[in-house]
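# This is the structure alone, sequence omitted:
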């Protein structure tokens with residue numbers, strides 16, 4: 001058996017776990033507390049969607065904690081868990097190449113968007129997969145295949161790039177899965193994300209109804225560009241697709257995200273060649289509907305179809 005010195009053990013214990021994880025192909029999903037805390041999808045589990053593995057530097061070196069099984073420890077204990085068949089000699093052999101690693105150039109994860117105004121950081125945006133979010137959609141009678149339809153915004157030049165330097169994409173899913181952090185408590189959450197035409201998000205899950213800046217309305221292209229349908233929120237929009245039983249949009253669509261955007265919406269409509277406007281606003285949004293009365297287009301308010309309910313989605317849920 002190979003004899004290990006106390007110095008070798010201390011060097012192994014002091015290895016930079018962030019660098020070690022990077023070499024193994026694990027990059028942090030987010031970095032918090034001024035670069036002192038790293039969050040990962042757990043290296044011990046496949047197909048994890050929400051980061052649950054934390055690494056931070058303490059007085060005695062790097063420490064980790066996996067919130068899944070509720071286990072943690074130092075770097076040596078990480079390797080013991082990561083390489084389950086290794087004994088102490090194997091562990092130190094494995095860590096030895098990292099004894100003199102330069103830790104000054106750690107590549108930090110770049111958040112998708114930091115919104116100081118709303119106190120929300122969008123850490124990542126990805127295709128919808130989380131079972132809890134799919135179940136939440138189901139409770140609102142929206143199938144996943146509808147929520148993940150890929151549609152084209154009316155003005156692709158207005159879409160905010162996903163990362164600095166990237167070109168805007170032509171299409172996007174109606175909703176995505178977002179991981180976000182609230183600045184007030186530095187906790188990570190996941191939710192449905194509905195992107196607007198300026199790159200902000202409406203954020204929804206069973207417990208949260210939030211929005212990140214910049215706030216704006218959302219548009220999508222339909223087959224007929226002479227008619228535009230206006231919805232108050234994206235659940236009403238998806239409800240209309242469910243009702244139509246079609247796999248495409250018959251008309252152009254604008255989702256307000258807030259009735260405060262009606263003046264901007266009217267400016268947008270007047271800049272286009274529409275002949276007909278269809279609105280699907282909440283049943284009690286009479287003042288909002290009146291704002292469209294100044295337009296000379298043919299206007300069809302559809303709220304009478306779900307008059308006994310708050311909005312179109314509530315009507316759908318109760319069918």
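Arrived safely. What you are looking at is a predicted structure, and each value in this text was computed from that prediction instead of being measured.
# In a helix, residue 7, correct?
Yes: Residue 7: assigned to a helix according to DSSP: H, G, I helix; E, B strand; the rest coil.
# burial measure for it, as a count.
A count of nearby residues for residue 7, using other C-beta atoms under 10 Å, gives 9. C-beta coordinates here come from the backbone N, C-alpha and C atoms, glycine included.
# In space, what's closest to the residue most central in space within the chain - neighbours in sequence excluded?
In the chain, the residue lying closest to the centroid (C-alpha atoms, centre = their mean) is residue 178, at 1.3 Å. Closest residue to residue 178 apart from its sequence neighbours, by C-beta to C-beta, 6 or more residues apart in numbering: residue 193 at 3.5 Å.
# doesn't residue 200 make contact with the one you found?
No: under the criterion of C-beta atoms under 8 Å, residue 193 makes no contact with residue 200, lying 9.8 Å away.
# Show me which positions of stretch 251-271 end up buried.
251-257, 259, 261-262, 265, 268-269 (16 or more other C-beta atoms under 10 Å).
# next one: stretch 294-314
301, 303, 306, 309, 311-314.
# How far away from the center of its chain is the strand or helix carrying residue 145?
Taking DSSP states H and E as the criterion, residue 145 maps to helix 144-147. In this view, helix 144-147 has its centroid 16 Å away from the chain centroid, taken as C-alpha atoms, centre = their mean, to the nearest Å.
# Which residues does that helix contact?
Helix 144-147 is touched from outside by 128, 134, 137, 173-175, 192, 238, 241-242, with contacts defined as C-beta atoms under 8 Å, 6 or more residues apart in numbering.
# can you rerun that using 7 Å?
128, 134, 137, 174-175, 238, 241-242 (C-beta atoms under 7 Å, 6 or more residues apart in numbering).
# Specify which member of these is nearest to residue 18.
residue 128 (29.4 Å; C-beta to C-beta).
# Pop out the phi and psi values for the nearest residue to that closest one once chain neighbours are set aside.
Nearest residue to residue 128 in three dimensions, chain neighbours excluded: residue 177, at 4.7 Å (C-beta to C-beta, 6+ apart). The phi and psi values for residue 177, taken as degrees, to the nearest 10, are phi -100, psi 120.
# Quickly note the distance from residue 177 to residue 150.
15 Å (C-beta to C-beta, to the nearest Å).
# Of those two, which one has the most company?
residue 177 (21 against 10).
# What's the mean pLDDT across the host helix or strand of residue 277?
Following DSSP H and E, one finds residue 277 within strand 276-280. Averaged across strand 276-280, pLDDT comes to 97.
# Neighbouring strands of it in the sheet, and parallel or not?
When pairing is defined by DSSP bridges, strand 276-280 lines up against strand 224-231 (parallel), strand 298-301 (parallel).
# Where does pLDDT dip in the chain?
For the chain, applying pLDDT under 70 flags the ranges 1-3, 33-35, 100-114, 156-170.
# Check which helix or strand the residue lying closest to residue 306 once chain neighbours are set aside maps to.
Excluding the flanking residues, the one nearest residue 306 by C-beta to C-beta, 6+ apart is residue 315, at 3.6 Å. Taking DSSP H and E as the definition, residue 315 sits inside helix 312-317.
# how long is stretch 18-28 end to end?
When the termini of stretch 18-28 are compared using C-alpha to C-alpha, to the nearest Å, they are 8 Å apart.
# got it, and stretch 202-222?
End to end - C-alpha to C-alpha - stretch 202-222 spans 22 Å.
# tell me the domain boundaries of the protein?
6-98, 111-134+165-216, 217-319 (automatic domain parsing).
# between the ones you listed, which gets nearest to residue 143?
Going by C-beta to C-beta, the one of the domains of the chain nearest residue 143 is domain 217-319, 7.2 Å.
# For the stretch 151-300 of the chain, which segments count as helices?
234-244, 262-270, 286-290 (DSSP state H, counting those that start in this stretch).
# CSV please, covering these and showing distance to residue 116.
CSV is the format used below for the helices of the stretch 151-300 of the chain (distance: least, C-beta to C-beta, whole Å):
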stretch, distance to residue 116
helix 234-244, 25
helix 262-270, 23
helix 286-290, 30
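# for those, which one sits closest to residue 81?
Here helix 234-244 is closest among these (C-beta to C-beta), at 41.9 Å.
# Point out the other helices and strands that that closest one packs with.
Packed against helix 234-244 by the contact rule (3 or more C-beta pairs under 7 Å, 6 or more residues apart in numbering; DSSP states H and E) you find helix 144-147, strand 251-255, helix 312-317.
# May I see these arranged in CSV, with distance to residue 71 as well?
Below are those laid out as CSV (distance: least, C-beta to C-beta, whole Å):
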stretch, distance to residue 71
helix 144-147, 33
strand 251-255, 44
helix 312-317, 41
